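Visitor: Here's a sequence, model it:
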Amino acid sequence: QVQLVESGGGLVQAGGSLRLSCAASGLTFRNYAMGWFRQAPGKEREFVAAIRWTGYADYADSVKGRFTISRDNAKNTVYLQMNSLKPEDTAVYYCAATRTGLTSIEGVYNYWGQGTQVTVSS
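Guide: Model (predicted):
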């Protein structure tokens, strides 16, 4: 049974930082690219970042230069370091896994976590 468990969300002031973690189990981690998505109230879920097993990563334009995705293959964990947070970053953040490769397409992700809330106050 595949499980993706996010942690690290919370309330932070604008300009602050948070680091999200996603622990994966029940899958062969090196076979999966890992992604982060987010969904703000009243909006569609959107791509944030993704990373291959090799460490090659891709980002949404809205977070480039502020967010960094990384993974520890020995710990089956993917991280999202979020700096210079803005109120518009407020959302539920989801971790996801795909065998398709590095992609921003939500529909090809096979497994999803339950999400963790990030709230950025102005």
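
Visitor: ok, now which ones touch the residue lying farthest from the centre of the chain?
Guide: No residue in the chain sits farther from the centre than residue 122, which is 22.4 Å out by Cα atoms, centre = their mean. Residues in contact with residue 122 (Cβ atoms under 8 Å, 6 or more residues apart in numbering) are 14, 87. C-beta here means a position set from N, CA and C on the backbone, and glycine is covered the same way.

Visitor: any idea how far it is from residue 52?
Guide: Here residue 122 is placed at a distance of 35 Å from residue 52 (Cβ to Cβ, to the nearest Å).

Visitor: Over to the spatially most central residue of the chain. Which of the three states is it?
Guide: Geometric centre of the chain, nearest residue: residue 36, 2.3 Å, by Cα atoms, centre = their mean. Following DSSP: H, G, I helix; E, B strand; the rest coil, we place residue 36 in the strand state.

Visitor: before we move on, the earlier item: would you check how far apart the residue farthest from the centre of the chain and residue 43 are?
Guide: For residue 122 relative to residue 43 (Cβ to Cβ), the value is 18 Å.

Visitor: Same check on residue 34?
Guide: In this view, residue 34 and residue 43 are 22 Å apart by Cβ to Cβ.

Visitor: got it, and residue 12?
Guide: 20 Å.

Visitor: higher neighbour count, the two?
Guide: Neighbours per residue (other Cβ atoms under 10 Å) separate residue 12 from residue 43, with residue 12 holding more: 17 against 9.
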